[in-house]
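S.K.: here is a sequence with its predicted model. Questions after.
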Amino acid sequence: MLINIILLFLFAGVPYYVYFEKTKKLKREQVFLLSTFLLLCGIVLDSIFPQEISMPYVVVAFLSSLFTLYKANKTTNLYKLAYYVLFFNAPILIMFKPEQSVLYALSLLLTLFGLYFIAKYYERNYGSANYQSVSGITLMTPYAGLFFTTYLTALALYPPFPNSILFLHGILATDMNSMLYIILIVIFFGNFLIAVRVMAKTVFGKPNDTVHYVELTAKEKKLHLALVIVLLLLSLVGLKEVLS
């Protein structure tokens, strides 16, 4: 029981909602980094002390997830979007067995770190990680738009990216009931809607001639390319797990 409480605390963004959101003692990018660290701590704890699925904790995580979905669809800040998506997926990490949770969490973290680095790109070149502050931006520059589209596509749970494959693998490896299926459907479409909403206002928006489009640096291109390659390698791992 104590482990379940700790996992709920670590996965569902409780430290953020209870303390950091109100006090604003950490910057948004610092909140994201802290949240990823807490997630990794939770994954390690769950691997050492594996727990049976506890429906009350799953339901509480799901209620928190619905609140997070609302906030994620209100924000235009990419840092906030990254950690809201992390909190939104908390029920999955509690429902799946440790092996599936680790793989899905790793895939999700790689995707969100991609968004994190895109947010830094926005902040450095346009003065803010709020994508609507650059009115009409469509990221016409090939590499920035390509990588941003890739991360959002992975987030929307489209194959061949590992998020979708490992999501399916977790379902196949878990003893499901009607309540868990409902939660999975909400999480699936929630991830899709979050990604599509951002796509519509950035990557696939109308170009704005008044915006100066800045290309990624060579270092940034290599970093994003490495993230995408690791994501695709994870896809192969996930596909192998599904077929085994």
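M.R.: Noted; the coordinates are in hand. Numbering: from 1, shown residues only.

S.K.: every contact and neighbour count from this point should use C-alpha atoms.
M.R.: OK.

S.K.: what are the buried residues along the biggest helix by length in the chain?
M.R.: For the chain, the helix with the greatest residue count under DSSP state H is helix 98-126. Buried positions in helix 98-126, judged by neighbour count with 16 or more other C-alpha atoms under 10 Å: 98, 100-122, 126.

S.K.: any regions of the chain where pLDDT drops low?
M.R.: Applying pLDDT under 70 to the chain picks out residues 1, 133-141, 204-211.

S.K.: show me the helices in it, by range?
M.R.: Assigned by DSSP H, the chain shows helices spanning 2-11, 14-15, 21-23, 28-48, 55-72, 78-88, 90-95, 98-126, 142-155, 162-173, 178-201, 218-243.

S.K.: would a markdown table of those with distance to His212 be doable?
M.R.: Formatted as a markdown table, the helices of the chain follow (distance: least, C-alpha to C-alpha, whole Å):
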| stretch | distance to His212 |
| --- | --- |
| helix 2-11 | 39 |
| helix 14-15 | 38 |
| helix 21-23 | 33 |
| helix 28-48 | 24 |
| helix 55-72 | 27 |
| helix 78-88 | 19 |
| helix 90-95 | 38 |
| helix 98-126 | 9 |
| helix 142-155 | 13 |
| helix 162-173 | 33 |
| helix 178-201 | 17 |
| helix 218-243 | 18 |
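
S.K.: does Gly13 really touch Pro91, like I thought?
M.R.: No - with contact defined as C-alpha atoms under 8 Å, Gly13 does not count as touching Pro91 (11.5 Å).

S.K.: joint contacts of the two?
M.R.: Here Gly13 and Pro91 share no contacting residue, scored by C-alpha atoms under 8 Å, 6 or more residues apart in numbering.
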